[in-house]
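give me a 3D structure for the following:
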Amino acid sequence: METSGDVRAHAADLHRRAVVIDCHSDVLMPIADGYVRMGRQVALPDPDQWRPPFEIPEGPHGDKEWPHNDLFGCIGQYSLPQFLAGGLTVEVCAIFVRDHELNDALRRSMEMAYWLHREVEENEGLELVTVVEDIQRVKRAGRCGAVMALEGLEPLGYDLKLLDLFYRLGVRMAGLAHNRRNYFSDGTQYHVRTGGLSDPGRQAIRRMNELGIVVDLGHLDAEGFSEALEVTRSPAVLSHRSPRLFFPLRPEDSRFHGIYDVSRGRERLEALARNGGVFGVFFLGAKDVEDVVSDIEYVIDLVGPDHVGLGSDLYGLRRSPKGLEDMSKTPAITECMVRRGHSDEVILKVLGGNFVRVFQQVWKG
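Below is the predicted model:
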């Protein structure tokens, strides 16, 4: 029987050997806003001690924790030093256009793409990943790779051919929508009966397949999720979600029941598995590391170890799991899985092997 010291040593060695891929972060937002740079780790004030410098109202849904989370966002949770300390091989960096930026969506998205390229140029330990061989190279070199992704197709406006230009800029993953309706599909909207994909949305998926862009199902509503899996001819990913909350066995077990359509959880996960896809378990809102691993195990129990990975989506210290407050703490997942008795093979798949498989099947070159 392994002692606690044996578990830690085993987990540390396994994590060093692993290709570790995190399938979602919003770090490009504060970088493009001019608040942080990728190469520098920022220390945030303790949320329990910090007070805003002036009175700030509660969040739009009565969230009393809103000031710290919304003012700082994911600042202090994602940076190159933290990626390297956490053994990250690849971080997926999303281009996301907020609601108040939609009138200038193309310019805003190009700004974030510019900053990712600039960060790669200015940080020796960071590389833009566009082919699978890049992943293997950065792993051998002890560096970190960045994958550019679109979180919603709003930057395209009504012009699908712009997707080709984003591909040339380095985009290798794209979701059709966020939590709102657009020209291509519906998203998961609060208390709204949503539809699925539009005909342009179906065309967009076909073009992603042709170019070699991974289809991300992350923020699609239930109908759009199913329709996207019917249209795509390549494996898809769901980059960041809690499987127990958004894909429960019984809808009433989720606190989102009645807000979102969380029905047919098993059926939708099984459809993702049949597609060969991977579910990125996010950290946001989990109580602690154990809770995140329980989410991972939920997917393993339902559809097997070949269809689950990491999709952190950290956004604010108050909503971060204890022991997983930033990306430097990622080895805690490996240690927890070792302690719970998972095999090395399964752990390596979860840490990044499953996403590597999808990238090999989808990306060109």
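
C-alpha only now, for contacts and for neighbours.
Will do.

so Leu238: helix, strand or coil?
Under DSSP: H, G, I helix; E, B strand; the rest coil, the three-state class of Leu238 is strand.

any idea what it is bridged to?
Note on Leu238: beta-bridge partners by DSSP bridges are Phe279.

isn't it right up against Gly276?
No. Counting by C-alpha atoms under 8 Å, Leu238 does not reach Gly276; the two are 11.5 Å apart.

neighbour count winner among these two?
Shown here are Leu238 and Gly276; by other C-alpha atoms under 10 Å, Leu238 has more neighbours (26 against 18).

which residues sit in contact with that one?
Asp216, Leu217, Gly218, Gly277, Val278, Phe279, Gly280 (C-alpha atoms under 8 Å, 6 or more residues apart in numbering).

can you list contacts of stretch 357-365?
Here stretch 357-365 has contacts from 130-132, 172, 209, 211-214, 234-236, 276-278, using C-alpha under 8 Å, 6+ apart.

what comes up buried for that stretch?
Judged by neighbour count using 16 or more other C-alpha atoms under 10 Å, the buried positions of stretch 357-365 are Arg357, Val358, Phe359, Val362, Trp363.

one more: stretch 334-354?
Neighbour count says stretch 334-354 has 334-339, 344, 346-354 buried, by 16+ other C-alpha under 10 Å.

now render the contacts of Leu238 as a markdown table, adding pLDDT.
What follows is the contacts of Leu238, written out as a markdown table (pLDDT from 0 to 100):
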| residue | pLDDT |
| --- | --- |
| Asp216 | 98 |
| Leu217 | 96 |
| Gly218 | 90 |
| Gly277 | 98 |
| Val278 | 98 |
| Phe279 | 98 |
| Gly280 | 98 |
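
list the buried ones in the least confident helix or strand in the chain by mean pLDDT?
For the chain, using mean pLDDT, DSSP states H and E, the weakest element among its helices and strands is helix 66-72, scoring a mean of 80. The neighbour-count check on helix 66-72 (16+ other C-alpha under 10 Å) flags Trp66, Pro67, His68, Asn69, Phe72 as buried.

show me the contact partners of the longest strand seen in the chain.
Ranked by residue count and defined by DSSP state E, the top strand of the chain is strand 144-151. Residues outside strand 144-151 that contact it (C-alpha under 8 Å, 6+ apart): 80, 83-84, 88-97, 113, 116, 125-130, 134-135, 138, 170-178.

for it, which strands pair with it and how are they oriented?
Here, using DSSP bridges, strand 144-151 pairs with strand 90-95 (parallel), strand 126-128 (parallel), strand 171-175 (parallel).

follow-up on the earlier one: among the contacts of stretch 357-365, name the ones in helices.
Assignment to helices by DSSP state H places the following of these there: Val132, Asn209, Leu211.

find the nearest non-adjacent residue to the first one, please.
Nearest non-adjacent residue to Val132, counting by C-alpha to C-alpha, 6 or more residues apart in numbering: Gln360, 6.1 Å away.

what pLDDT does the one you found get?
Among the per-residue scores, Gln360 shows a pLDDT of 98.

quick one, what contacts Ile31?
Counting by C-alpha under 8 Å, 6+ apart, the residues that Ile31 touches are Arg37, Met38, Met112, Trp115.

what about it, distance to Arg16?
28 Å (C-alpha to C-alpha, to the nearest Å).

just to revisit the earlier point, TSV for the contacts of Leu238, including distance to Gly323 and neighbour count?
Shown next, in TSV, are the contacts of Leu238 (distance: C-alpha to C-alpha, whole Å; neighbours: other C-alpha atoms under 10 Å):
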residue	distance to Gly323	neighbour count
Asp216	28	29
Leu217	28	29
Gly218	25	27
Gly277	28	28
Val278	24	27
Phe279	22	31
Gly280	19	30
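
and which of these is nearest Asp26?
The shortest approach to Asp26 among the contacts of Leu238 belongs to Gly218, at 13.8 Å (C-alpha to C-alpha).

helix, strand, or coil at that closest one?
coil.

surely it and Ser242 touch.
No. Assessed by C-alpha under 8 Å, Gly218 is found out of contact with Ser242, at 10.3 Å.

can you map out the helices along the stretch 101-250 of the chain?
Taking DSSP state H, counting those that start in this stretch to define them, one finds helices in the stretch 101-250 of the chain at 105-122, 132-141, 162-169, 199-211, 222-231, 243-246.

so which of these is nearest Ser254?
In terms of C-alpha to C-alpha, the element of those nearest to Ser254 is helix 243-246, at 4.9 Å.

with only the CA atoms kept, save that closest one in CSV.
Extracted in CSV, the C-alpha atoms of helix 243-246 (Å, rounded to 0.1, in the frame of the first residue of the first chain):
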residue,chain,number,x,y,z
PRO,A,243,-20.7,17.6,-16.3
ARG,A,244,-22.8,17.0,-13.1
LEU,A,245,-24.4,20.5,-13.3
PHE,A,246,-25.0,20.7,-17.1
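
that one packs against which elements?
helix 289-303 (3 or more C-alpha pairs under 8 Å, 6 or more residues apart in numbering; DSSP states H and E).
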